[in-house]
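Asks: Here's a sequence, model it:
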Amino acid sequence: MILSTVEMHTGGEPTRIIVDGWPCLSGKTLLDKRREARERFDHLRRGLMLEPRGHDGMYGALLVEPDHPEADLAVLFMHNEGYSTMCGHATIALARWAVDSGRVARREPETIVRLQCACGLVTARVAANGTVQFESVSAFAYALDRIAPTRTWGPVTVDIAYGGAFYAFLSADSIGLDLRSSPMRAIVDAGEEIAQAAAKAVPIVHPDEPDLAFLYGTILTDGGNGADGRPSRNVCIFAGRQIDRSPTGSGVTARMALQLARREAKLGDERLFESCTDAVFSGRAVREAPAVGGRKSVIVEVGGHAHQTGEARFRFDDDDPLKEGFTLGAG
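Replies: Take a look at the predicted model:
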């Protein structure tokens, strides 16, 4: 078996776009296809994401047939641990690839790309210089100032918000860490422990789709708000100790929803957020959206830039004992 991919990165965070070779998925809806991929073809996800073809920080996007009538493309996002419901950095990469490859015809001054994700339809705008801005699904603050008991720091206070996936947020200095000077290993350890603690302390329920009802990761922030042209730094730890090299598009979306909920921002305000690679995403609350489960929600526009790094053809030989990938678990 041979799988063909296009390799891209957004702020240093990889996106391996699987363009050919994956077995056909027969599910009627995108969530059906997601379940089918997980149940029948998860060995291919592991083989592409993990060593020797990938690594613990790899991220993938499987193109599938859309079932949404307005979608240009449909995608299943994957990583070292499984499948995610939304990914901003990969949306930026996919939108640029769709236009650069001719999958979606280029328009001037910008091209609209409609991407069906597991969390819903995401609309992106690709400018002539390759910059991408996308409007994600409805975002909302889920829980504020909730206590999560941890082994290392005792009770910590977190906010939980949804931006296509659920994240727990807290300021790094609240647990004695600095996002610029603390060892990344310490940040990863904190993110993973707090994610597990928050998931136990705050049950997650998505009112529309049970498949989306889980805490995806922890986002540690520098305590800033990204206003006045000064980016606020954050680091996202997700999927079992994976580090997002980008500012995290779905995380930026969720951070904006939190700022509106706390009245630290209003509709129309733009904020800047940077990652551990100094890559910057913009976030702007563009309009109110219908309430989700009784919670006020907002549509957020996220902006960033992706670049193509290459193309690949990966073999899966039947006699290869490591064809399904492996991880050393040393993260």
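Asks: contacts, neighbours, all on C-alpha from now
Replies: Fine.
Asks: Hmm, Gly57 is touching Asn80, no?
Replies: Yes: at 7.0 Å, Gly57 counts as touching Asn80 under the criterion of CA atoms under 8 Å.
Asks: Now do the shared contacts for the two.
Replies: Residues touching both Gly57 and Asn80 (CA atoms under 8 Å, 6 or more residues apart in numbering) are Gln242.
Asks: where along the protein do the helices fall?
Replies: Assigned by DSSP state H, the chain shows helices spanning 30-40, 42-49, 88-100, 184-201, 249-261.
Asks: circling back: when Gly57 and Asn80 are compared, which one has more neighbours?
Replies: Asn80 (26 against 18; other CA atoms under 10 Å).
Asks: Dump the helices of the chain into a markdown table; add mean pLDDT, mean neighbour count and distance to Ala165 as well.
Replies: What follows is the helices of the chain, written out as a markdown table (pLDDT from 0 to 100; neighbours: other CA atoms under 10 Å; distance: least, CA to CA, whole Å):
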| stretch | mean pLDDT | mean neighbour count | distance to Ala165 |
| --- | --- | --- | --- |
| helix 30-40 | 94 | 17 | 15 |
| helix 42-49 | 96 | 22 | 20 |
| helix 88-100 | 95 | 26 | 10 |
| helix 184-201 | 96 | 19 | 13 |
| helix 249-261 | 95 | 27 | 7 |
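Asks: could you dump those helices to TSV with distance to Asp211?
Replies: Listed next are these as TSV, based on distance: least, CA to CA, whole Å:
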stretch	distance to Asp211
helix 30-40	8
helix 42-49	17
helix 88-100	19
helix 184-201	15
helix 249-261	17
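Asks: Can you list the low-confidence ranges for this protein?
Replies: For the chain, the stretches with pLDDT under 70 are 329-331.
Asks: Please report how far the residue nearest the centre of it lies from Leu94.
Replies: Centrality entry for the chain: nearest residue to the mean C-alpha point is Cys87, 2.7 Å, by CA atoms, centre = their mean. With distances taken as CA to CA, to the nearest Å, Cys87 is found 10 Å from Leu94.
Asks: got it, and Glu193?
Replies: Distance from Glu193 to Leu94, by CA to CA: 31 Å.
Asks: Distance from stretch 187-200 to the middle of the chain?
Replies: Once both centres are worked out by CA atoms, centre = their mean, to the nearest Å, stretch 187-200 turns out to sit 17 Å from its chain's centre.
Asks: Return the set of residues that bridge with the nearest residue to Ile243 once chain neighbours are set aside.
Replies: The shortest distance from Ile243 to any non-neighbouring residue, by CA to CA, 6 or more residues apart in numbering, is to Ile237 (4.9 Å). Beta-bridge partners of Ile237, counted by DSSP bridges, are Thr218, Ile243.
Asks: ok, now which ones touch Ile237?
Replies: Taking CA under 8 Å, 6+ apart as the test, what Ile237 contacts is 188, 191-192, 217-219, 243-244.
Asks: Which parts of this protein belong to which domain?
Replies: When the chain is parsed with the TED database, its domains come out as 2-127+309-315, 137-305.
Asks: Return the distance of Ala239 relative to Asp208.
Replies: If you go by CA to CA, the gap between Ala239 and Asp208 works out to 23 Å.
Asks: quick one, which of these two is more surrounded?
Replies: Ala239 (21 against 11).
Asks: farthest pair in the contacts of Ile237?
Replies: Largest separation among the contacts of Ile237 by CA to CA: Glu192 and Asp244, giving 12.9 Å.
Asks: if I look at the two, which residues touch both of them?
Replies: Common neighbours of Glu192 and Asp244, counting by CA under 8 Å, 6+ apart, are 237-238.
Asks: Run a quick neighbour tally on Val19.
Replies: Val19: 14 neighbours (other CA under 10 Å).
Asks: Could you do Ala71 as well?
Replies: Ala71: 17 surrounding residues under other CA under 10 Å.
Asks: CA-only coordinates of stretch 208-228, as PDB, when you get a sec.
Replies: C-alpha atoms of stretch 208-228 as PDB (Å, rounded to 0.1, in the frame of the first residue of the first chain):
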ATOM      1  CA  ASP A 208     -25.500  19.000  20.000                       C
ATOM      2  CA  GLU A 209     -23.000  16.200  19.400                       C
ATOM      3  CA  PRO A 210     -21.800  13.700  22.000                       C
ATOM      4  CA  ASP A 211     -18.700  12.800  19.900                       C
ATOM      5  CA  LEU A 212     -17.400  16.300  20.700                       C
ATOM      6  CA  ALA A 213     -17.800  16.100  24.500                       C
ATOM      7  CA  PHE A 214     -14.300  15.700  25.700                       C
ATOM      8  CA  LEU A 215     -11.500  17.900  27.100                       C
ATOM      9  CA  TYR A 216      -8.900  18.100  24.300                       C
ATOM     10  CA  GLY A 217      -6.100  19.700  26.100                       C
ATOM     11  CA  THR A 218      -4.700  22.500  28.300                       C
ATOM     12  CA  ILE A 219      -3.600  26.000  27.200                       C
ATOM     13  CA  LEU A 220      -1.200  27.800  29.400                       C
ATOM     14  CA  THR A 221      -1.100  31.600  28.900                       C
ATOM     15  CA  ASP A 222       1.200  34.400  29.900                       C
ATOM     16  CA  GLY A 223      -1.700  36.200  31.500                       C
ATOM     17  CA  GLY A 224      -2.000  38.900  28.800                       C
ATOM     18  CA  ASN A 225      -4.900  39.500  26.500                       C
ATOM     19  CA  GLY A 226      -3.200  40.200  23.200                       C
ATOM     20  CA  ALA A 227      -4.500  43.800  22.900                       C
ATOM     21  CA  ASP A 228      -2.800  46.900  21.500                       C
END
